[in-house]
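Asks: Prediction below, plus the sequence it came from.
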Amino acid sequence: MAEKRAEDGVAAMAACYQRFDPAAYLQYNYTPPRADFQRQDSIVPWKLARLHRAFTEGDVSGELLIDIGSGPTLYQVLSGCEVFNQVLLTDFLEVNRQELRRWLKDEGGCKLDWTPYLQYVCKLEGRRPSAWTEKAANLRKVVKDILPIDVHCPQPMAPGAIPPAGADCLVSCFCLESVSPDLLSFTRALGHIGKLLRAGGHLLLIGALGESYYLGGPGVKIPVVPLNEAQVCASLKESGYTLIRLEVYTLPQDMRVGVDDVTGVFFVKAKKD
Ligand SMILES: C[S@@+](CC[C@H](N)C(=O)[O-])C[C@H]1O[C@@H](n2cnc3c(N)ncnc32)[C@H](O)[C@@H]1O
Ligand SMILES: O=S(=O)(c1ccc2c(c1)CN[C@@H](CF)C2)N1CCSCC1
């Protein structure tokens, strides 16, 4: 009975995502006030700085980085693309994979200008902001493909999509809790993506705390499983990861702009047992 309920919940979630609007999603979350590089307490510097530190502090290395549930966004691999020579982006929806391909082909028509994000990460790397064009070129070089994924499948990606040894590192931002109807399926999804990662590989996970819904487009209310720090830690342990670091950002009141009810953001660095 519980299994049937879980399957129904996952199917209902997939139906919600058929109405996901990449342009609106980018507008809601990746433009000011949420994406304000001038504000010291903005979430953007907080997140980009944690990703930069996690990728560059010396314990993360290898060939292949996979971003799980990329959506239409690229910020999550702007530091990792300097560490790995192969990056795979993934998403459940073709509309998101198309938006990513549009940016990678550099043919114009993208729904968001990622330049401020590229410039900020260059600054974190001690490079001049004008090096953003070199970073963009490097990202376009190391991204080898943009593939379908379903984290609710025990085998989330197509057979043969990745080398048998698995990826050296996974990054995933605002995906698992936003596609899982409950904590059980969130934890199971963590285990499923863990199968894409080699033993000893790293997982960098960013997600929402206390969020029960978000707008995936005008009038497109998508349910989210509300998480707290203890649940995130317990799910990681249950899914075969050892926690290295967990940090939490509490959203300032004026960043609660009605597109969701998120109260905080967690950043996790963990290692697969
Ligand atoms: C809230 S968005 C996160 C996008 C991006 N990673 C970010 O940081 O903003 C959640 C993403 O999960 C994708 N998704 C939906 N169902 C999924 C599934 N079953 N498996 C993997 N990804 C899924 C959606 O298409 C969407 O792009
Ligand atoms: O933390 S954010 O404000 C953000 C970014 C994305 C999301 C949320 C929050 C909360 N709802 C999620 C639903 F899945 C999506 N942020 C937006 C600016 S760039 C860094 C991330």
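Replies: Thanks, I have it. These numbers come from a predicted model, not from an experiment. Ligands and ions are numbered 1, 2, ... in the order given.
Asks: Residue of the protein nearest ligand 1, please.
Replies: Residue nearest to ligand 1 within the chain: residue 71 (2.5 Å; C-beta to the nearest ligand atom). Backbone N, C-alpha and C define where each C-beta goes, glycine included.
Asks: right, and the secondary structure at that residue would be what?
Replies: Judged by DSSP: H, G, I helix; E, B strand; the rest coil, the three-state class of residue 71 is coil.
Asks: How much space separates it from residue 111?
Replies: 11 Å (C-beta to C-beta, to the nearest Å).
Asks: Who has more neighbours out of the two?
Replies: residue 71 (28 against 16; other C-beta atoms under 10 Å).
Asks: ok, the more buried one touching residue 22?
Replies: Yes: contact between residue 71 and residue 22 holds when scored by C-beta atoms under 8 Å: they sit 7.2 Å apart.
Asks: list the residues that contact both of these two?
Replies: Common neighbours of residue 71 and residue 22 are listed as residue 96 (criterion: C-beta atoms under 8 Å, 6 or more residues apart in numbering).
Asks: same question for stretch 244-262, mean pLDDT?
Replies: Mean per-residue pLDDT for stretch 244-262: 92.
Asks: If you count neighbours, what's buried in that stretch?
Replies: 249, 251, 255, 259, 260, 262 (16 or more other C-beta atoms under 10 Å).
Asks: ok, now stretch 101-108?
Replies: Counting neighbours by 16+ other C-beta under 10 Å, stretch 101-108 gives 103, 104 as buried.
Asks: Which strands or helices does the longest strand belonging to the chain pack on?
Replies: Secondary structure of the chain read by DSSP state E shows that its longest strand is strand 197-209. On a contact count with 3 or more C-beta pairs under 8 Å, 6 or more residues apart in numbering; DSSP states H and E, strand 197-209 meets helix 43-56, strand 167-173, helix 176-179, helix 229-238, strand 241-250, strand 264-272.
Asks: can we see that at 7 Å?
Replies: helix 43-56, strand 167-173, helix 176-179, strand 264-272 (3 or more C-beta pairs under 7 Å, 6 or more residues apart in numbering; DSSP states H and E).
Asks: List of residues touching the helix or strand that comes right after that strand?
Replies: Counting by DSSP states H and E, the next helix or strand C-terminal to strand 197-209 is strand 213-215. Here strand 213-215 makes contact (C-beta atoms under 7 Å, 6 or more residues apart in numbering) with 28, 178, 221, 222, 223, 224, 259, 260, 261.
Asks: 6 Å instead, please
Replies: 221, 222, 223, 224, 259, 260 (C-beta atoms under 6 Å, 6 or more residues apart in numbering).
Asks: What about ligand 2: which of the residues you listed touch it?
Replies: Among the contacts of strand 213-215, the ones lying near ligand 2 by C-beta under 6 Å from any ligand atom are residue 260.
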